[in-house]
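Chemist: Sequence first, then the predicted structure:
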Amino acid sequence: MDQSVAIQETLAKGEDCTIAVECVSLLNDVRESKLIGLVQQNNEHALFVYSHRRMAITGDDVRLDEIIPISYDFSVVEVSSPDELAVVGADTRVRVTFFEEELELKLTFGSHTRLFLSEVNRAWSDVCEQYPKEEPKFDWLTKYQKLSKGARSLRKSIGATTVKMSRMKKSERAHAADNSGHKKEDERTRGDGVHESQERVKSEVRDDLIRNSQPILANKSQMLGMPQFGLRDNLIKCELLKNEDAYTYIKNYSFFLGTYNVNGQNPKESLSPWLASTATPPDFYLVGFQELDLSKEAFLFNDTPKEPEWMLAVYKGLHPDAKYALVKLVRLVGIMLLFYVKAEHAAHISEMEAETVGTGVMGRMGNKGAVAIRFQFHNSDICVVNSHLAAHTEEFERRNQDFKDICRRIQFRQDDLTLPPLAIMKHNVVLWLGDLNYRISDLEVDHVKDLIAKKDFETLYNHDQLKRQMDEEVVFVGFTEGEIDFQPTYKYDTGSDQWDTSEKCRVPAWCDRILWRGKNIKQLHYQSHMTLKTSDHKPVSSLLEIGIKVVNEESYKRTFEEIVRHIDRMENDCIPSVSLSEREFFFQDVKFMQHQAKTVSVYNDGQVPCQFEFIPKLDEPTYCKPWLTANPAKGFLAQGTSVDIDLEVFVNRSTAPELNSGQQQLEDILVLHLERGKDYFISVTGNYLPSCFGSSLSTLCLLREPIQDMPLETIRELSMKSNSQVSNPETDKPQDIPKEIWMMVDHLFRYAKKQEELFQQPGLRGEFEEIRDCLDTGSLDTLPGSNHSVAEALLLFLDALPDPVIPFSFYPQCLDCCSDSSRCRQIISVLPQCHKNVFNYLIAFLQELLKHSAHNRLDVSILASIFAGLLLRSPTKQDLTEKRKVKEFVQHFLVQTPSDRDIDEKLPE
């Protein structure tokens, strides 16, 4: 996830966060999670260090702690210990210094960290090249002194920069006048030795700091994964991959997979009965935990003291007959994945990356979600996912959606940053473990326990939700799970083997599962471990024997030389050409926020390989309209091969308004360009079904019928009238509020006033589509779907308004008077009538929800946080101060006053 967006929202105009990385600050043995961003203003750079919530999505999630200007006296060097350097995939420890200020950081291993460090190095190199002609002033940083915990050091640093640079400049002139014949030597030994140290640091930073995975001669998999440039290099790489069977052979390795939901407990017993349960030591350990820490602090922030405790317990529990190296640890709140490997295999691991995704509240919190790693072992790509999906028996559809969201949202960066990210399913082998939370359906608890007592697991398994969903090919398509011949692993009384005796008396279930996808995989065992009693779950393990593609050196060299000779024989002057399966595409009945895709196959029918790319048309900034994408948008085709390109149409809040009003149509021409070849043209058209989502309040108030029952020309005319504010009072009398808002609020008023986590728990995507269709067609008198889906639909509706409830033109005034309740109310009183009506109606509804806070657990702060940015949106990016003012403005109206009583009359009965 790009967390530079959160930092950007805290910056002033003209300042740009070019890249950000999550890290851990190491100070006096205290570990603290930080978010650090490289910020640029004109030609000056500084590192902004923030404390942050676990998922830093907006400026509200971060707090500025420290600013480190990148001047001539700045340095960054790697300080990883020899033991850390010996572990493939170990995190990178660096020390950042500026005068006497010093900061030690641990950065996650991977290409993003390497890119971040290279950008920092480039910024410092720019300073060195400009010196002494240009001296950085850092005047733009002074305004942050009050916001930053490190204001004192920042103020001192800025002052010291100016003084010291001035002294050094004078010293330089003196040396030049007195010792012109020894200029080079003087520069090396200047004054206080700063230049000497900087030259050393510059060399170290450029050569050693960024630990690129240089190819080991015996590891051709890394060579194949290295960034390649140019047609010839791409062809060699492609041909090597295509002829992989000629120089690789299959060798079996053992993978121990384990999953354990520890219910927020500390490790109280040895894990050896679980982790060392195999007769011989496995080659790999991939150990996943869920609910590592259930505290509020762990939910909101990154650090938890339980991480090192469980990490140590795992290390002590590994098989005693082998030596293991820790390759990677990745954690999202309570979801943690540990990757250990036999020391002798570490040299053959490359291209290690890790990603996390939250699927919990608002689709961002990490109480549910997944962590994943991907790596290359010899010549096989492997991806491992540890997930914790939605709970409760009836929520199997939500679990299905979580699985699909994880597959869609986890994207691994490649070493070659010009290549598109890798999805989970793009790997040779995918290993999936975790608390998947699928339950036993349609059986009473006593019947389930009776079947368990009889060890009739086959009958019980037929009622397993995951089995049913896989049989219907809804989730985990292409995955395999071994036969389950152990009793359910949930739910037990903690510290015992007794089934749940609490008031809820949960039905036993196989929540904890391990599945795999790929070729040459054989399961040797699949079992639970009943002796461990720390949690209300039992740990599960699976031992897999996986056939890995290993390179034969002689065969590889022979294949490589043959490919090069073949390329040399090819005529360089041949013109590339391709054939397309289709050149015209029509998308039928496109709807708001509903994805559609069609595929065009591109076949290289020429005599030479070719590189293709969709290019912008003349005077256009991008290759396609914003509602259209082509995936992949560029690539390489060897002779006689083909690629399927997905043409995807998706109308969102930014593109819906002009399509609803008829100002734009679904029409575009794509230009597919071949390097050294000709261009091919692809026509994309479609019909868009107008929606209330993305239509203006004033237009919707003029619509007497559902929007899709109105002729397109009528919608266009009404849209023009509403924009021009010219209407016939006899024929164009508007409704007080749009009927669509009334339907959603009426539904929530009647059925959801006491609903827990309203506006905080996401709904189902399929239910949202049903609600949208109901509002757009008027097909039903009552809205379908759950309360959470209707609530999310209301939020999406407000978010998609072209002009928000409080129009953009009033935004500056609202910020100016945000601390004065009476002035805030004055502004609302002069809003356009339909906007004023909607605002008052929604505020009255929210006030009504607050009357039931004992049941729904909502308060003024929660509702203001959710609705402020929807009712009072900024026409541009908001900074942190603006967001606080917006929230303060809305809060005035959520505290009911006598003047609000007339508003209550507008609520549904």
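Modeler: Perfect, I can see it now.

Chemist: Now do the contacts for Thr480.
Modeler: By Cβ atoms under 8 Å, 6 or more residues apart in numbering, the contact set of Thr480 is Leu515, Trp516, Arg517, Ile521. Quick note: C-beta positions are derived from backbone N, CA and C, even for glycine.

Chemist: make it 7 Å
Modeler: Counting by Cβ atoms under 7 Å, 6 or more residues apart in numbering, Thr480 makes contact with Leu515, Trp516.

Chemist: Please report the distance of it from Tyr260.
Modeler: 22 Å (Cβ to Cβ, to the nearest Å).

Chemist: ditto for Phe768
Modeler: Counting by Cβ to Cβ - Phe768 and Tyr260 are separated by 35 Å.

Chemist: Between these two, which has more neighbouring residues?
Modeler: Higher neighbour count among Phe768 and Tyr260: Tyr260, with 31 against 22, using other Cβ atoms under 10 Å.

Chemist: For the more buried one, pull up the helix or strand it's in.
Modeler: Using DSSP states H and E, Tyr260 maps to strand 248-261.

Chemist: what do you get for Glu882?
Modeler: Going by DSSP H and E, Glu882 is part of helix 880-894.

Chemist: That helix - contacts with which helices or strands?
Modeler: Judged by 3 or more Cβ pairs under 7 Å, 6 or more residues apart in numbering; DSSP states H and E, helix 880-894 is in contact with helix 811-816, helix 821-829, helix 833-850, helix 860-871.

Chemist: So which elements touch the third one?
Modeler: Using 3+ Cβ pairs under 7 Å, 6+ apart as the contact definition, the elements that helix 833-850 packs against are helix 697-702, helix 739-751, helix 860-871, helix 880-894, helix 901-904.

Chemist: Need the pLDDT of Ser865.
Modeler: pLDDT, Ser865: 86.

Chemist: Relative to Asp589, how far out is it?
Modeler: Counting by Cβ to Cβ, the gap from Ser865 to Asp589 is 37 Å.

Chemist: you'd agree Leu38 is up against Glu44?
Modeler: No: the criterion here is Cβ atoms under 7 Å, and Leu38 misses it with Glu44 at 11.5 Å.

Chemist: Show me what counts as buried in stretch 308-316.
Modeler: Trp310, Met311, Ala313, Val314 (16 or more other Cβ atoms under 10 Å).

Chemist: So Ser865 and Asp589 - more neighbours on which side?
Modeler: Neighbour count, other Cβ under 10 Å: between Ser865 and Asp589, Ser865 has more, with 17 against 10.

Chemist: Tell me where the stretch 151-300 of the chain is predicted with low confidence.
Modeler: 151-234, 296-300 (pLDDT under 70).

Chemist: I should have written the stretch 301-450 of the chain there, sorry.
Modeler: For the stretch 301-450 of the chain, the stretches flagged by pLDDT under 70 are 301-303, 360-366, 416-419.

Chemist: mind listing the strands for it?
Modeler: Assigned by DSSP state E, counting those that start in this stretch, the stretch 301-450 of the chain shows strands spanning 324-332, 335-342, 349-358, 369-377, 380-388, 411-412, 422-423, 429-435.

Chemist: I'd like to know which elements the first one is packed against.
Modeler: This points to strand 324-332. Applying 3+ Cβ pairs under 7 Å, 6+ apart, we find strand 324-332 packed against strand 335-342, strand 349-358, strand 369-377.

Chemist: Can you say which of those is nearest to Asp65?
Modeler: Of all the helices and strands packed on strand 324-332, strand 349-358 sits nearest to Asp65, with 22.6 Å by Cβ to Cβ.

Chemist: Pull the distance from that closest one to the chain's centre.
Modeler: Distance of strand 349-358 from its chain centroid, counting by Cα atoms, centre = their mean, to the nearest Å, is 12 Å.

Chemist: Report the inter-axis angle for it versus strand 380-388.
Modeler: Counting by axes from the mean of the first three to the mean of the last three Cα atoms, to 10 degrees, strand 349-358 lies at 20 degrees to strand 380-388.

Chemist: Neighbouring strands - and their directions - for strand 349-358?
Modeler: strand 369-377 (antiparallel) (DSSP bridges).

Chemist: For the partner strand, which outside residues touch it?
Modeler: Applying Cβ under 7 Å, 6+ apart, the contact partners of strand 369-377 are 221, 225, 328, 330-332, 335-337, 339, 348-360, 381-388, 406, 410, 412, 422, 424, 427, 548.

Chemist: same check, this time on stretch 464-478
Modeler: 396, 400, 403, 436, 438-441, 461, 510, 513, 515, 517.

Chemist: Narrow those to just the buried residues.
Modeler: Phe396, Asn400, Phe403, Leu436, Tyr438, Arg439, Ile440, Tyr461, Trp510, Arg513, Leu515, Arg517.

Chemist: Could you tell me the end-to-end distance of stretch 49-67?
Modeler: End-to-end span of stretch 49-67 (Cα to Cα, to the nearest Å): 6 Å.

Chemist: and the gap between Lys533 and Tyr492?
Modeler: Relative to Tyr492, Lys533 is positioned 8 Å away (Cβ to Cβ).

Chemist: for Lys538, same thing?
Modeler: Going from Lys538 to Tyr492 by Cβ to Cβ gives 7 Å.
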